[in-house]
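Peer 1: coordinates only, sequence not included:
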């Protein structure tokens, strides 16, 4: 019988890490990113840099400003209290209209 003394060619590693060490490091990096993303403050900021006011607001922002629910916003739209502005398939509200509504409610509450 003929002995096969052929050695398998050694393939160079493209990464300086063993596969298990690489995956362990990758898992650690992902965990750290998730933890840092969760630690970020997620409060809503109504300010837009470069503008003195944000011209368009979403329904969720209207709910936060007036402390109301979405069905109330839809009711206000029906009653023509708020005027929606459609951009493609999304609904927005103009800040000027919101400001007028705030001022009219403040005037009603005073007198």
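Peer 2: Cool, the structure landed. As the structure is a computational prediction, the values presented were derived from the model and not from experiment. Numbering: from 1, shown residues only.
Peer 1: Do I have it right that residue 76 meets residue 93?
Peer 2: No - no contact is recorded between residue 76 and residue 93 when judged using C-beta atoms under 8 Å, the distance being 9.7 Å. Any C-beta I mention is one placed from the backbone N, CA and C, and that applies to glycine too.
Peer 1: Pull up the overlap in contacts between the two.
Peer 2: Each of residue 82 lies in contact with both residue 76 and residue 93 under the rule C-beta atoms under 8 Å, 6 or more residues apart in numbering.
Peer 1: Looking at those two, which is more packed in?
Peer 2: Residue environment comparison for residue 76 versus residue 93 gives the larger neighbour count to residue 93, 23 against 18, counting by other C-beta atoms under 10 Å.
Peer 1: For the residue nearest to that one when sequence neighbours are not counted, grab the count of nearby residues.
Peer 2: Closest residue in space to residue 93, ignoring its immediate chain neighbours: residue 57 at 5.0 Å, by C-beta to C-beta, 6 or more residues apart in numbering. Other residues near residue 57 number 19, with proximity taken as other C-beta under 10 Å.
Peer 1: Please report the distance of residue 57 from residue 30.
Peer 2: Taking C-beta to C-beta, to the nearest Å as the measure, residue 57 falls 35 Å from residue 30.
Peer 1: for residue 103, same thing?
Peer 2: To residue 30, residue 103 is 49 Å away according to C-beta to C-beta.
Peer 1: swap in residue 96?
Peer 2: Separation of residue 96 from residue 30 (C-beta to C-beta): 45 Å.
Peer 1: cool, and residue 94?
Peer 2: In this structure, residue 94 and residue 30 are 42 Å apart, going by C-beta to C-beta.
Peer 1: neighbour count winner among those two?
Peer 2: Counted by other C-beta under 10 Å, residue 94 and residue 30 do not tie: residue 94 has more neighbours, with 15 against 10.
Peer 1: Now do the same for the more buried one: its pLDDT.
Peer 2: The confidence metric pLDDT takes the value 90 at residue 94.
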